[in-house]
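Novice: Could you work out the structure for the sequence below:
(one chain, ligands or ions: 1)
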Amino acid sequence: MNENLKQQFMNKILEKIKTCMECSLCEGRCKPVLGEGNLNSELVFIGEAPGRKEDEVGRPFVGSAGQLLDRLLFGIGLSRKAVYISNVVKCRPPDNRRPTIEEMEACTPFLEEQLEIIKPKIIVAMGNSAISFFSKKFGFKVIGMWRIHGKIFQVEAPWGKVILFATFHPAAALYNKDLEKILEDDFKKLSTLLKS
Ligand code: SF4
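Specialist: Modelled structure (predicted):
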């Protein structure tokens, strides 16, 4: 599928989420956030949900967590234009709370559609919501991010073999230098994986 066609499919998903009322998160949203980046990228990053800034502008990872993500990408020679970035849910949960299981179940068909369009070879699940969605989808058990970060899971997606890479959500490291260092180390492992 060429990039123009992929973009057309993404635009159709965007139109659907703009009017979606499948869960109560629609009540407080300003702008839903679909995702952005390179639709031909083999590498996709999935976070949790839009925050305040993302909800204002309708783009993913534009606040402080986004700046940290940019730095982490830069540290391994990538930019956000080279990869695709999205979230498990598309509307902002009130007070930036974690999305509930019901909200994730209501929203993740959109993420599944996006992934079917991009067909990535590597998916980076950032944070507990993302890894919990993917572990359920691909049928493996996770035992907490501290035990699995920096590890890879080989899974079979509808479009072929995919490597799932688990790490912390950048927002968790904003006020925690130790966690930021762990994220940097995880991104170095990701870089090695990309080169292999
Ligand atoms: S979070 Fe997802 S399912 Fe819920 S209203 Fe927004 S787009 Fe629809």
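
Novice: residues in contact with Ile123?
Specialist: By CB atoms under 8 Å, 6 or more residues apart in numbering, Ile123 lies in contact with 44-46, 115, 134, 162-165. (Each C-beta comes from the backbone N, C-alpha and C, glycine too.)

Novice: now with 10 Å?
Specialist: 42-46, 84, 115, 130, 134, 138, 153, 155, 157, 162-166 (CB atoms under 10 Å, 6 or more residues apart in numbering).

Novice: tell me which element it is part of?
Specialist: Using DSSP states H and E, Ile123 falls within strand 122-126.

Novice: Output the below-cut-off pLDDT ranges for this protein.
Specialist: Judged against pLDDT under 70, the chain has no low-scoring part.

Novice: how about the helices in it?
Specialist: All helices of the chain, identified by DSSP state H, fall at 3-18, 52-57, 64-75, 101-118, 128-138, 145-148, 177-195.

Novice: With only the CA atoms kept, save the second one in CSV.
Specialist: When you say that, I think you mean helix 52-57. The C-alpha coordinates for helix 52-57 follow below in CSV (Å, rounded to 0.1, in the frame of the first residue of the first chain):
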residue,chain,number,x,y,z
ARG,A,52,-3.7,18.2,28.5
LYS,A,53,-1.5,19.7,25.8
GLU,A,54,-2.2,16.9,23.4
ASP,A,55,-5.9,17.3,23.9
GLU,A,56,-5.5,21.0,23.1
VAL,A,57,-3.7,20.6,19.9
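
Novice: give me the number of residues near Lys188?
Specialist: Counted with other CB atoms under 10 Å, the neighbours of Lys188 add up to 14.

Novice: give the contact list for it.
Specialist: For Lys188, the contact set (CB under 10 Å, 6+ apart) comprises 72, 75-76, 150.

Novice: now swap in Glu27 and tell me
Specialist: Neighbouring residues of Glu27 by CB under 10 Å, 6+ apart: 21, 91, 94.

Novice: restrict the residues you listed to contacts with the ligand.
Specialist: Of the residues in those, proximity to the ligand by CB under 6 Å from any ligand atom holds for 21, 91.

Novice: Switch the contacts of Glu27 over to JSON lines; also include neighbour count and distance to Phe9.
Specialist: What follows is these, written out as JSON lines (neighbours: other CB atoms under 10 Å; distance: CB to CB, whole Å):
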{"residue": "Met21", "neighbour count": "9", "distance to Phe9": "22"}
{"residue": "Cys91", "neighbour count": "26", "distance to Phe9": "20"}
{"residue": "Pro94", "neighbour count": "9", "distance to Phe9": "30"}
